[in-house]
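Asks: Everything below, folded, please.
(one chain, ligands or ions: 2)
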Amino acid sequence: MSRVTIDVDRAAAALRAGGVVAFATETVYGLGAQAHDVSALARVFAIKGRPTDHPLIVHLADRNELAAWTSGPVAPAAAALAEACWPGPLTLLVPRAAHVPDAVTGGRATVGVRVPGHAQALALLAAVGDGVAAPSANRFGRVSPTTAQHVLDDLGDDVDMILDGGPCTVGIESTIVDTTVEPPEVLRHGGIPAAQLEAVLGHAVRWVAEGPVRAPGMLAAHYAPSCRVELVATSAEADALSSSERRRGKRVAVHDPGSDVAHFARGLYAALRAADDAGLDVIVVVTPDDDALGTAINDRLRRAAHRLSG
Ligand code: TXA
Ligand code: MG
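Replies: Ligands and ions are numbered 1, 2, ... in the order given. Next comes the predicted model:
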């Protein structure tokens, strides 16, 4: 039987039997294991090559399940954000309930949970009948997958099954908000703009920019393709830079958001992967305005452009 399937019940049965199943969400594909199955969780870390102290997000079928994963009463801010934004690209950090395995939380006092805005994922989660812990379905430090083919390219035979839910409609990861602090803090910019969170809460949230790593895995050089990534501010600069690179014999692609930032986000990771697959030397990217989805895109672009050598 093929590893790639559209059969939700088959994928749910594989998860219940202790399997590791990649599945689509609206953001990126996840590499899922039943959240209480510690041996399946160990395989997720092994397949990704991810340090075991990096916590995983638990995916839930329904926002009413939030309370069952939280210790104590659900904080008003968490309840309001869940009500307004779920299903959708928002992860809430809440105080962990006692039953949540250390393998999920990396031994932390909090657990990250979200209800994905993707019909097939919700059907899968309902059929599993438990939370599904899932990091992005890429090898550690690489660009996240936004199609089933990307997962197959990265993880191939290592994963038991890939539930094909089509190309991801958002294309960058969820926004992560720590609701255990006052005011809540954005630890990772993503599919839900910070301004939308502020509108729900009726007050400002804190933005954690650089500095100490509060969400392990948010390393500077994450999301980097093998080719060089050059960031420019305007289409004219992109033209000038790509011409001069071509004169020097380099193979170049240009990625320009134009006016449709959501469309740009949807295609960004595929474009970075395609540049590598085509053996390009350089991808020149025009950065979008630094607000709403543009903030999340620019965060990923800075990481993609980061070179440890400077
Ligand atoms: O959109 C997404 O969030 C995707 C899809 C599959 O849901 N998932 C995803 O997972 O991006 P991952 O593991 O690649 O990134 C999750 C980030 C990591 O940086 C992790 O350290 C952080 O969330 N995280 C998860 N739980 C946490 C916790 N309790 N405390 C601090 N950081 C946490
Ligand atoms: Mg990831």
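Asks: Ligand 1 contacts on the chain?
Replies: 25, 27-28, 30, 54-57, 89, 91, 93, 105, 108, 110-112, 134-136, 173-174, 176, 215-218 (CB under 6 Å from any ligand atom). All C-beta atoms are positioned from the backbone trio N, CA, C, and that covers glycine.
Asks: Contact partners for Ala22?
Replies: Residues near Ala22 by CB atoms under 8 Å, 6 or more residues apart in numbering: 29-32, 137, 145, 148, 151, 155, 159, 161-163.
Asks: wait, is it part of a strand?
Replies: Yes. Under DSSP: H, G, I helix; E, B strand; the rest coil, Ala22 sits within a strand.
Asks: Spell out the residue ranges of the helices in the stretch 201-310 of the chain.
Replies: Assigned by DSSP state H, counting those that start in this stretch, the helices in the stretch 201-310 of the chain fall at 235-247, 261-277, 293-305.
Asks: And the second one, what's buried?
Replies: Think helix 261-277. Val261, Phe264, Ala265, Arg266, Gly267, Leu268, Tyr269, Ala270, Ala271, Leu272, Arg273, Ala275 (16 or more other CB atoms under 10 Å).
Asks: Outline the domain layout of this protein.
Replies: 4-207, 228-309 (automatic domain parsing).
Asks: Check those domains for me: which has the lowest mean pLDDT.
Replies: Of all the domains of the chain, the minimum mean pLDDT falls on domain 228-309 (a mean of 92).
Asks: any idea how far that domain is from the chain center?
Replies: Offset of domain 228-309 from its chain centre (CA atoms, centre = their mean, to the nearest Å): 19 Å.
Asks: Also stretch 41-50?
Replies: 16 Å.
Asks: thinking again about what came up before, export the helices of the stretch 201-310 of the chain to a markdown table and tack on distance to Ile47?
Replies: Below are those laid out as a markdown table (distance: least, CB to CB, whole Å):
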| stretch | distance to Ile47 |
| --- | --- |
| helix 235-247 | 36 |
| helix 261-277 | 19 |
| helix 293-305 | 22 |
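Asks: Which stretch among those helices approaches Arg50 most closely?
Replies: helix 293-305 (16.1 Å; CB to CB).
Asks: quick check: angle from the closest one to helix 261-277?
Replies: Counting by axes from the mean of the first three to the mean of the last three CA atoms, to 10 degrees, helix 293-305 lies at 10 degrees to helix 261-277.
Asks: OK, contacts around the residue with the largest distance to the centre of the chain?
Replies: Within the chain, Arg247 marks the point farthest from the mean C-alpha position, 36.8 Å out by CA atoms, centre = their mean. By CB under 8 Å, 6+ apart, the contact list for Arg247 is empty.
Asks: For it, give its distance to Glu230.
Replies: 15 Å (CB to CB, to the nearest Å).
Asks: Which residue is the nearest non-sequential neighbour of Ala75?
Replies: Thr179 (5.6 Å; CB to CB, 6 or more residues apart in numbering).
Asks: That's all I had, so thanks and see you.
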